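J.: Prediction below, plus the sequence it came from.
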Amino acid sequence: MTTGEMWTQLSSGITGLMLAWVMFEQYFPYQLRGYLQKYSQKLMSYVYPYIQITFHEFTSERLKRSEAFSAIQTYIGSNSTKTAKRLKAEVVRNNHPLVLTMDDYEEVTDVFNGVKVWWASSKTVPKTQPNSFHPVAEERRQYRLTFHKRDREVITEKYIEHVLKEGKAIAVKNRQRKLFTNNSSENWYGWKSTKWSHVLFEHPATFDSLAMETKMKEGIKKDLTRFSKGKDYYAKIGKAWKRGYLLYGPPGTGKSTMISAMANFLDYDIYDLELTTVKDNSELRKLLIETTGKSIIVIEDIDCSLDLTGQRKKTKEKDGDDDDDDDKSDKEKDPISKKKSEAEKENKNRSKVTLSGLLNFIDGIWSACGGERIIVFTTNYVDRLDPALIRTGRMDKHIELSYCCFEAFQVLAKNYLELKSHELFGKIEELLGETKMSPADVAESLMPKSDEEDEEDCLKRLIKALETTKEEARKKAEEAALKAEKAGEESGETPSQVVQENGEKSAKEVKENGEKSAKEVKENGVIAEG
Ligand SMILES: Nc1ncnc2c1ncn2[C@@H]1O[C@H](COP(=O)(O)OP(=O)(O)OP(=O)(O)O)[C@@H](O)[C@H]1O
Ligand SMILES: [Mg+2]
């Protein structure tokens, strides 16, 4: 047979097949197709000696990405780079080569205990109407494992377990920590939609660079270490492997910095949850399910995020003659209150996440899904939070980050100026004892502003700043006392009585109240520590 004849025969054969397929599609009764498929598969199983197992990317209503799928992806990725011809570059990391994985519709082989298996990747894109207004459905990927039926036992009992274990181990080894933030639910659909977006987490903060009392720092480090090693302990006491921290204190005292230090200390990811974009409790739940283990879930400025300071409080304030109006002038001056009221206004109509929804998120039934998570709340005003949110046992540990003390200053001086001691330290210690300055402000003064500045210039700048702050505080206190005296004269009472009756009016009283409640919480925290 010549080559020309062979081609003619081949093309007529293909045409015949296509014709048969068209006839089948058009005329074969639809009802009988199911039977045909069933019996042809049965027939195939007699002739075809291979078994296939499919691992889908999403299981159970697509709530969560399958862990098995991720592990398999990593396993095949690391083994396939030498054999597969089409690879996908996933992440480019600093100082690391490309991370490559097998591309879609590619097949690789693997050998385990002398048994050969085939892995193939594929994807299905759900059909959508061409002119539909619905968002495009997300493609679903899957891996198909094929092996001979005589190897069934080895594969199902040993090989798959080996793949999952290896995959997870490789993932841990290659892991680059991430900082996640939640997407608005309007973007939860469509191509490659995800609930969380991430960037690589590269914050350099560590506990060594964190300025705070050494004893407190060591306590927190011990607590974190105990938690991260406590898998069996939590299982024994029947508690979800979670721990809640409440970080509170004035602005610039290192709450956010401490979260980064915690993540670096434990080698955890951070999920920065922006509550204001979460529409309701069910969205909150979905977000929680999508978080992975070894992570810190952070809700910053919890008092501003939502009206979680309690509907209860609000109703109370409505009936009573609470000091809402009196607060107004203070609020106008206070940037945090301003921040809060703006956020409140903005979110009034948008977010329906409730206190109970959030509590369920922290320690309800839903909190049990997936372990090894730390939940951190931060706030500037701990006394504004609903008691239910901070009661003993709910937030396991309450940490107060306060104004800069001398010990904290020493850490900053060592970090910023590489100074362990200096003749000006004595003066600074004295001033820090009399003034309230946040570590952020102290750090700012200590930072050299030009190459010409030396350590002494920086220390002198700090002394000047401390003296100014001290003077301002003195003037404020004087003004408050004067005001109280005036009000007392008008009503015929002594100034101290006026101050007492007006409650939180004077700056001094505000401070004292704050400190008192902070102390209470601290005490609770100490009890709660377990
Ligand atoms: N305790 C600290 N140790 C070291 N640096 C600090 C500390 N506190 C603040 N800083 C410095 O000040 C900056 C601001 O601190 P940070 O953002 O952590 O404050 P915060 O308590 O989260 O404030 P806010 O309440 O406004 O969110 C940081 O970039 C850090 O460099
Ligand atoms: Mg902060």
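T.: Yep, it's here. Ligands and ions are numbered 1, 2, ... in the order given.
J.: Against which helices or strands is the longest helix seen in the chain packed?
T.: The residue-count maximum for a helix in the chain (DSSP state H) belongs to helix 455-491. The contact analysis (3 or more Cβ pairs under 8 Å, 6 or more residues apart in numbering; DSSP states H and E) places helix 455-491 against helix 406-417, helix 425-434, helix 439-446, helix 495-501, helix 507-528. Glycine gets a C-beta too; all of them are placed from N, C-alpha and C.
J.: tell me, which of the ones you listed is the model least confident about?
T.: Here the lowest mean pLDDT among those goes to helix 507-528, at a mean of 43.
J.: Compute the number of surrounding residues for residue 178.
T.: 19 (other Cβ atoms under 10 Å).
J.: thought it was touching residue 268?
T.: No - taking contacts as Cβ atoms under 8 Å, residue 178 lies outside contact range of residue 268: 10.0 Å.
J.: Quick one: name the residues of the protein near ligand 2.
T.: 255, 256 (Cβ under 5 Å from the ion).
J.: mind checking the SS state of residue 38?
T.: Three-state assignment for residue 38 (DSSP: H, G, I helix; E, B strand; the rest coil): helix.
J.: Now do it, the pLDDT please.
T.: 82.
J.: quick one: it and residue 305, what's the gap?
T.: Residue 38 is 56 Å from residue 305, where distance means Cβ to Cβ, to the nearest Å.
J.: Those two: who's more crowded?
T.: Between residue 38 and residue 305, counted using other Cβ under 10 Å, the more crowded position is residue 305 (25 against 10).
J.: isn't that one right next to residue 284, touching?
T.: No - Residue 305 is not in contact with residue 284 according to Cβ under 8 Å; the separation is 11.7 Å.
J.: what is in contact with those two at once?
T.: Taking Cβ atoms under 8 Å, 6 or more residues apart in numbering as the criterion, residue 305 and residue 284 both touch residue 275.
J.: Residue of the stretch 201-350 of the chain nearest ligand 1, please.
T.: residue 254 (2.8 Å; Cβ to the nearest ligand atom).
J.: from memory residue 86 sits against residue 101, does it?
T.: No - at 10.5 Å, residue 86 does not count as touching residue 101 under the criterion of Cβ under 8 Å.
J.: Which strand residues bridge residue 148?
T.: Per DSSP bridges, the residues bridged to residue 148 are residue 50.
J.: Any stretches of the stretch 251-400 of the chain with poor pLDDT?
T.: 306-351, 366-370, 392-393 (pLDDT under 70).
J.: Mind doing that once more with 80?
T.: Scanning the stretch 251-400 of the chain with the threshold set as pLDDT under 80 gives 304-352, 354-357, 359-371, 390-394.
J.: Only the buried residues of the longest helix of the chain, if you could.
T.: 455, 458-459, 461-463, 465-466, 469, 473, 480-481, 483-484, 487-488 (16 or more other Cβ atoms under 10 Å).
J.: Of these, which one scores lowest on pLDDT?
T.: residue 488 (80).
J.: so how far is residue 38 from that one?
T.: Applying Cβ to Cβ to residue 488 and residue 38 gives a distance of 94 Å.
J.: for residue 299, same thing?
T.: 53 Å.
J.: Spell out which residues belonging to the stretch 151-300 of the chain are near ligand 1, please.
T.: 210, 211, 212, 251, 252, 253, 254, 255, 256, 257 (Cβ under 6 Å from any ligand atom).
J.: would CSV of those residues with secondary structure be doable?
T.: CSV is the format used below for these (three-state DSSP):
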residue, secondary structure
210, coil
211, coil
212, coil
251, coil
252, coil
253, coil
254, coil
255, helix
256, helix
257, helix
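J.: Verify the assumption that residue 279 is located in a helix.
T.: No - Residue 279 is assigned coil when assessed by three-state DSSP, not a helix.
J.: pLDDT below threshold where in the stretch 101-250 of the chain?
T.: Ranges of the stretch 101-250 of the chain meeting pLDDT under 80: 101-104, 124-140, 172-176, 185-194.
J.: Next, count neighbours for the residue of it found nearest ligand 2.
T.: Ligand 2 sits closest to residue 247 of the stretch 101-250 of the chain, with a gap of 8.6 Å, by Cβ to the ion. By the measure other Cβ under 10 Å, the count of residues near residue 247 is 25.
J.: State the distance from residue 356 to ligand 1.
T.: Per Cβ to the nearest ligand atom, to the nearest Å, residue 356 is found 26 Å from ligand 1.
J.: nope, residue 162 is what I meant
T.: With Cβ to the nearest ligand atom as the criterion, residue 162 and ligand 1 are 44 Å apart.
J.: so which helix or strand takes in that residue?
T.: Applying DSSP states H and E as the criterion places residue 162 in helix 160-174.
J.: now swap in residue 244 and tell me
T.: strand 242-248.
J.: Who does residue 107 form a beta bridge with?
T.: Here residue 107, judged by DSSP bridges, has bridge partners residue 120.
J.: Hmm, it is touching residue 118, no?
T.: Yes - Residue 107 is within contact range of residue 118, at 5.9 Å (criterion: Cβ under 8 Å).
J.: contacting residues around the residue of the chain at minimum distance from ligand 2?
T.: Closest to ligand 2 within the chain is residue 256: 3.3 Å, counting by Cβ to the ion. Residue 256 sits next to 300, 378 when contact means Cβ under 8 Å, 6+ apart.
J.: Residue 143 now?
T.: 54, 55, 69, 72, 73, 76, 119, 120, 121.
J.: out of the residues you listed, which one sits closest to ligand 1?
T.: Nearest to ligand 1 among the contacts of residue 143, with distances taken as Cβ to the nearest ligand atom, is residue 73, at 36.4 Å.
J.: Residue 270 sits in which helix or strand?
T.: strand 269-272.
J.: How far off centre is that strand?
T.: 2 Å (Cα atoms, centre = their mean, to the nearest Å).
J.: Pairing partners for that strand, with directions?
T.: Here, using DSSP bridges, strand 269-272 pairs with strand 178-182 (parallel), strand 295-299 (parallel).
J.: what's that strand in contact with?
T.: For strand 269-272, using Cβ under 8 Å, 6+ apart, the contacting residues are 177-182, 196, 201, 259-260, 263, 291-292, 294-298, 300.
J.: and with 6 Å instead?
T.: Strand 269-272 is contacted from outside by 177, 178, 179, 180, 181, 201, 263, 291, 295, 296, 297, 298, using Cβ atoms under 6 Å, 6 or more residues apart in numbering.
J.: Out of those, who's the most crowded?
T.: Busiest of the contacts of strand 269-272 [other Cβ under 10 Å] is residue 298, holding 27 neighbours.
J.: what bridges to it?
T.: In beta-bridge terms (that is, DSSP bridges), residue 298 pairs with residue 272, residue 376.
J.: which ones are touching it?
T.: Neighbours of residue 298 in contact, by Cβ under 6 Å, 6+ apart: 259, 272, 376.
J.: run the last query once more with 10 Å
T.: Listed by Cβ atoms under 10 Å, 6 or more residues apart in numbering, the contact set of residue 298 reads 179-181, 245, 247, 255-256, 259-260, 262-263, 270-274, 374-378.
J.: Over to residue 180?
T.: 194-199, 201, 269-273, 287, 290-292, 295, 297-298.
J.: ok, 7 Å please
T.: For residue 180, the contacting residues are 196, 197, 198, 269, 270, 271, 272, by Cβ atoms under 7 Å, 6 or more residues apart in numbering.
J.: out of those, which are buried?
T.: By 16+ other Cβ under 10 Å, those give 196, 269, 270, 271, 272 as buried.
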